[in-house]
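**Student:** have a look; sequence and predicted model below, questions after that.
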Amino acid sequence: MENESIVFTLFLIFFGAAVIATIALTLRQSLIIAYIAVGILIGPSGFSLIHDAQLIQNIANVGIIFLLFLLGLDLNPKELFRLAGETTLVTGISSITLLMLGYFYSLSFGYSKQEALIIGSALMFSSTIIGLKLIPTTILHHQHTGEIMISVLLLQDIIAIILLLVLEGSAQQTIGWINIGLPLLALPGLVLVTYLIEKYLLIRLIRSFDRIREYIFLLAIGWCLGVAEAAEWLGLSYEIGAFIAGVSIARSPIALFIAESLKPLRDFFLIIFFVTLGANFDLSILHQIWVASLGLILLAVLAKPLLYRLLLRFSKESSGRSTEVAMRLGQMSEFSLLLAVLAAEMHLIRDQVSFLIQFSALISFMISSTYVVMKYPTPIALSDKLRRD
């Protein structure tokens with residue numbers, strides 16, 4: 001189609017997702033794989049039903065914003081600091097180790113030092129979307145498992161955001177600390193303003209109209225997107241703004257209702273997000289990078305879980321929980337994809353290197369999510385024994 005309407009695009013996404021998801025569930029595969037497969041089929045590398053995947057990219061990104069908002073809703077500020085403190089060492093050591101592994105591995109394939117650093121950086125992070133989407137919340141064991149994962153992923157997200165700020169600053173012709181420092185200084189300011197608005201205005205509105213569920217739903221969405229937009233304007237990101245918005249009202253007694261109300265909306269946009277990832281596949285240059293990508297994928301799905309398990313055992317977590325958390329974190333991240341795209345746009349890496357990172361990340365998503373669904377309790381497991389909400 002020359003001019004694709006948004007209605008036709010959404011039809012392709014959700015009708016295709018329904019069909020492929022049925023096949024995936026029959027074969028006991030993760031739904032995430034089905035969504036990515038739909039993107040490949042309808043995108044430029046498939047039947048070219050969608051010629052420009054950017055048509056739905058911005059819509060898809062809303063799913064990540066809502067995901068981070070819901071993540072923040074589950075974390076009381078006091079609990080947030082406790083969790084971050086418990087896993088700082090695990091996250092720090094794992095990040096440095098994975099950066100070095102990716103860096104030296106990439107150098108062995110002849111990539112430049114700059115390209116190797118970016119590939120190593122992309123390997124550091126695990127997927128917040130996959131990690132949270134596949135963790136059950138109704139069992140005490142998995143509530144603690146979820147806490148560990150959330151704290152690790154949260155610290156990784158903070159590192160990723162700082163890295164993206166550094167990356168954007170390095171693209172400036174005049175590189176100075178002001179390019180990086182201003183957004184970092186804006187972060188505590190945004191947190192303070194958000195706290196004051198929540199304390200003196202938002203919480204009063206919630207208490208006054210908590211019986212009108214439609215109003216609370218609208219207020220939550222407005223608050224989430226408002227703080228996200230403010231964060232973007234300050235040079236941070238929509239995602240970190242949404243997370244701050246969620247944390248700010250986590251202590252409200254109505255936070256649980258808000259979280260449950262927004263889950264269907266989050267899932268709507270996340271389906272589009274994963275389909276978009278598949279649609280952005282450029283299979284025409286796969287032959288150039290498949291050997292290098294194979295090793296990078298193995299580092300993500302094998303070496304990374306082994307490293308996490310060792311560090312968690314060192315932190316005195318039980319063997320079973322350490323193994324489960326490690327396997328749930330055994331993939332690359334949506335931040336890896338964003339890093340690859342931005343670095344290519346800034347001409348810091350070649351398009352071939354960008355595609356290497358993107359392809360490796362997506363395959364790691366598929367392998368990791370499939371293993372977790374088959375091995376551990378998740379909300380989408382087919383087995384009654386493993387299915388948990």
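**Tutor:** Looks like it came in fine. What you are looking at is a predicted structure, and each value in this text was computed from that prediction instead of being measured.
**Student:** so where does residue 15 fall, helix or strand?
**Tutor:** Element membership for residue 15 (DSSP states H and E) is helix 6-26.
**Student:** what's around residue 89, how many residues?
**Tutor:** Using other Cβ atoms under 10 Å, the number of residues around residue 89 comes to 12. C-betas here are computed from N, CA, C, even on glycine.
**Student:** list the contacts for it?
**Tutor:** 311, 315 (Cβ atoms under 8 Å, 6 or more residues apart in numbering).
**Student:** next one: residue 99
**Tutor:** Contacts of residue 99 by Cβ under 8 Å, 6+ apart are 117, 120-121, 123-124.
**Student:** which residue is the nearest non-sequential neighbour of the residue sitting nearest the centre point of the chain?
**Tutor:** Central residue of the chain (Cα atoms, centre = their mean): residue 128, 3.7 Å from the mean position. Leaving aside its sequence neighbours, residue 128 sits nearest to residue 153 (Cβ to Cβ, 6 or more residues apart in numbering; 4.9 Å).
**Student:** quick one: low-confidence ranges for this protein?
**Tutor:** 1-4, 28, 51-55, 75-86, 137-143, 165, 168-184, 380-389 (pLDDT under 70).
**Student:** about what we covered before: helix, strand, or coil at the residue nearest to residue 128?
**Tutor:** When classified by DSSP: H, G, I helix; E, B strand; the rest coil, residue 153 comes out as helix.
**Student:** number of residues surrounding it?
**Tutor:** So residue 153, with other Cβ under 10 Å, has 24 neighbours.
**Student:** who's in contact with it?
**Tutor:** 126, 128, 131-132, 329.
**Student:** ok, now how distant is it from residue 132?
**Tutor:** Look at residue 153 and residue 132: by Cβ to Cβ, to the nearest Å, they are 7 Å apart.
**Student:** now do residue 32
**Tutor:** 12 Å.
**Student:** who's more crowded, the two?
**Tutor:** residue 32 (27 against 20).
**Student:** contact partners for the more buried one?
**Tutor:** 130, 133, 274, 365-366, 369.
**Student:** for residue 232, same thing?
**Tutor:** If a contact means Cβ under 8 Å, 6+ apart, then residue 232 has 238, 241 as its contacts.
**Student:** from residue 342, how far out is it?
**Tutor:** 15 Å.
**Student:** so who does residue 360 touch?
**Tutor:** With Cβ under 8 Å, 6+ apart, residue 360 has these contacts: 293, 296-297, 300, 332.
**Student:** quick one: which helix or strand includes it?
**Tutor:** Short version, using DSSP H and E: residue 360 is in helix 351-375.
**Student:** flag every buried residue along that helix.
**Tutor:** By 16 or more other Cβ atoms under 10 Å, the buried positions in helix 351-375 come out as 353-373.
**Student:** endpoints of stretch 345-356, how far apart?
**Tutor:** End-to-end distance of stretch 345-356 (Cα to Cα, to the nearest Å): 15 Å.
**Student:** which outside residues touch that stretch?
**Tutor:** Residues outside stretch 345-356 that contact it (Cβ under 8 Å, 6+ apart) are 111, 114-115, 118-119, 167-168, 170-171, 282, 285, 288-289, 292-293, 296, 340-341, 343-344.
**Student:** mind saving the C-alpha coords of the strand or helix carrying residue 298 as CSV?
**Tutor:** For residue 298, the host element (DSSP H and E) is helix 286-298. Included here for helix 286-298 are C-alpha records, laid out as CSV according to Å, rounded to 0.1, in the frame of the first residue of the first chain:
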residue,chain,number,x,y,z
LEU,A,286,21.8,-11.1,7.9
HIS,A,287,24.5,-13.0,6.1
GLN,A,288,27.0,-10.4,7.0
ILE,A,289,26.6,-10.6,10.8
TRP,A,290,25.1,-14.0,11.6
VAL,A,291,28.4,-15.5,12.9
ALA,A,292,29.2,-12.5,15.2
SER,A,293,25.5,-12.4,16.4
LEU,A,294,25.6,-16.1,17.3
GLY,A,295,28.4,-15.5,19.9
LEU,A,296,26.6,-12.4,21.2
ILE,A,297,23.4,-14.3,21.6
LEU,A,298,25.2,-17.0,23.6
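**Student:** pull out the buried positions in it.
**Tutor:** Counting neighbours by 16+ other Cβ under 10 Å, one finds that the buried residues in helix 286-298 are 289, 292-293, 295-297.
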